[in-house]
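# I'd like to go over a predicted model; first the sequence, then the structure.
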Amino acid sequence: MEDFSFLKDLAIILFSAKAFGIIARKLHAPEVVGEILAGVIIGPALLGFVSETDFINKMAEIGVIMLMFEAGLATDMKKLKQTGLKATAIACAGVFVPIILGTILFMCFYGFGDIGSEQFYKGLFIGTIMSATSVSITVAALKELGKLNGTVGTTIVSSAIIDDVIGIIVLTFVLSVKDTNTNVWMIILKAVLFFAVAIISGFIVYQVFKWLDKRYEHTRRIPIIALVYCIAMAYISKTFFGIAEITGAYAAGIVLCNLHDAKYVERRVDISAYMVFAPIFFAGIGLKVSFETMNLKLLFFSIAFVIVACLAKIIGCGAVAKLCRFNFNDSIKIGIGMMTRGEVALITAKAGLAVGLITPEFFTGVIMLILFSSIVVPILLKSMFKKQPAAD
């Protein structure tokens, strides 16, 4: 008999995510906080009603792709151009400060090794995991606050996207220690080629959509075709260029953000994302939490891992933002906005596990970091924007 238990899992996730999202909102916290906590409660960590499955992971992947597409559609191109160089500088600090601090942290707990030793590279990989930024949760929080297309919001999203590209190059370099077949220069070339293809093809696609927009204004076929383009770009970026699919989805949104019907497309996409895919993505983070392999040393390391990883982003990104002439409050907002970790950190950790740079128990710290940053960042951003609005 065919197994339909995935429908039961889907019903439990959607109900609990929305219920806890409403509770979070009543408590003046962002809904995404409640949705993540729902995943922890119904998942293996506590009640065990739902476990991770391939179906849930795929649905969650669609959720994060749609969130990033919406972020691209909501982007103010004028502000993006204004923040381009600043975002690149902030992204560089957001990668290299965590790598340095993460390497030192690992060796403080598990022993120091000479540069080039296996111990050193394991520490370097822990730092690489710390360097990964997942902007999707920050995007959801900024969107809820109505700050996504402001100068600070645009800078955070732009920095996170650039951070992702730099992170891929760094990850490839670190993995090349274990895999001699990895060609770092080829990865760099692919990243450059992706953005070249995205810009050239984007110009053509924009002209086509401009014609469709004029001919079929405010009709459902525009959002449907736009979503097809988003998913295609996510697939192309990952499959042919080795760039994260969320980067391809964001690029698709950027291409279409100047359309007359961009807001209409965003609203239509948001309906599906809000009802189904986004709650599964956020609850899915909570489902990954498990305490089975925990011991005292690992607990202390995991706590230190979370603290250092969060402070590294605030210090690195916040300091460079201040150097880029953002005021102190906006610099802290940018640092906090870059703190979130999610699917990128998990993908990085899994890649390290596959080549033996880390062992499975280190996933505890990664999950704790994702959970902590995913819950704390929206709360901190809401508090900071309430006290001190961004200088747009």
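Perfect, I can see it now.

# contacts for whichever strand or helix holds residue 32 next, please.
Assessed by DSSP states H and E, residue 32 sits inside helix 31-42. The contact list for helix 31-42 (C-beta atoms under 8 Å, 6 or more residues apart in numbering) reads 12-13, 16-25, 46-47, 49-50, 137, 140-141, 144, 278-279, 282-289, 371, 374-375, 378-379. Yep, even glycine has a C-beta here, placed from its N, CA and C like the rest.

# which of these fall in helices?
12-13, 16-25, 137, 140-141, 144, 278-279, 282-287, 371, 374-375, 378-379 (DSSP state H).

# got the buried residues for the longest helix along the chain?
Criterion DSSP H: the longest helix present in the chain is helix 77-110. For helix 77-110, a neighbour-count test (16 or more other C-beta atoms under 10 Å) marks 79-80, 83, 86-99, 101-103, 105-107 as buried.

# looking at it, residue 121 is touching residue 356, isn't it?
No - counting by C-beta atoms under 8 Å, residue 121 sits too far from residue 356 to count as a contact (10.3 Å).

# tell me which of the two has more neighbours.
Ranked by neighbour count (other C-beta atoms under 10 Å), residue 121 and residue 356 place residue 121 first, with 20 against 10.

# which element is the more buried one on?
Counting by DSSP H and E, residue 121 is part of helix 118-131.

# once you drop chain neighbours, what's closest to residue 322?
The shortest distance from residue 322 to any non-neighbouring residue, by C-beta to C-beta, 6 or more residues apart in numbering, is to residue 331 (4.3 Å).

# cool, residue 245 as well?
Nearest one to residue 245, counting by C-beta to C-beta, 6+ apart, is residue 234 at 3.9 Å.

# report the contact partners of that neighbour.
Contacts of residue 234 by C-beta under 8 Å, 6+ apart are 65, 245, 246, 248, 249, 252.

# which strand or helix spans the fourth one?
Read it as residue 248. Per DSSP H and E: helix 245-256 holds residue 248.

# quick one: the helices in the stretch 251-392 of the chain?
262-272, 278-287, 296-323, 328-337, 343-354, 363-387 (DSSP state H, counting those that start in this stretch).

# what residues does the helix or strand of the chain with the lowest mean pLDDT touch?
One helix or strand of the chain scores below all others by mean pLDDT, DSSP states H and E: helix 343-354, with a mean of 72. With contact meaning C-beta under 8 Å, 6+ apart, helix 343-354 is reached by 60-61, 64, 125, 128-129, 132-134, 136, 164, 167, 171, 174-175, 244, 246, 288, 358-360, 362-363, 366, 369-370.

# how far off helix 363-387 does it point, in degrees?
160 degrees (axes from the mean of the first three to the mean of the last three C-alpha atoms, to 10 degrees).

# which stretches of the stretch 251-392 of the chain have low pLDDT?
Applying pLDDT under 70 to the stretch 251-392 of the chain picks out residues 293, 343, 347, 354, 387-392.

# could you do the stretch 1-150 of the chain as well?
1-2, 30, 76, 79-80, 113, 115-116.

# now which of the contacts of helix 343-354 would you call buried?
60-61, 64, 125, 128-129, 132-134, 136, 164, 167, 171, 174-175, 244, 246, 288, 358, 362-363, 366, 369-370.

# now stretch 26-43, how far from the centre of its chain.
18 Å (C-alpha atoms, centre = their mean, to the nearest Å).
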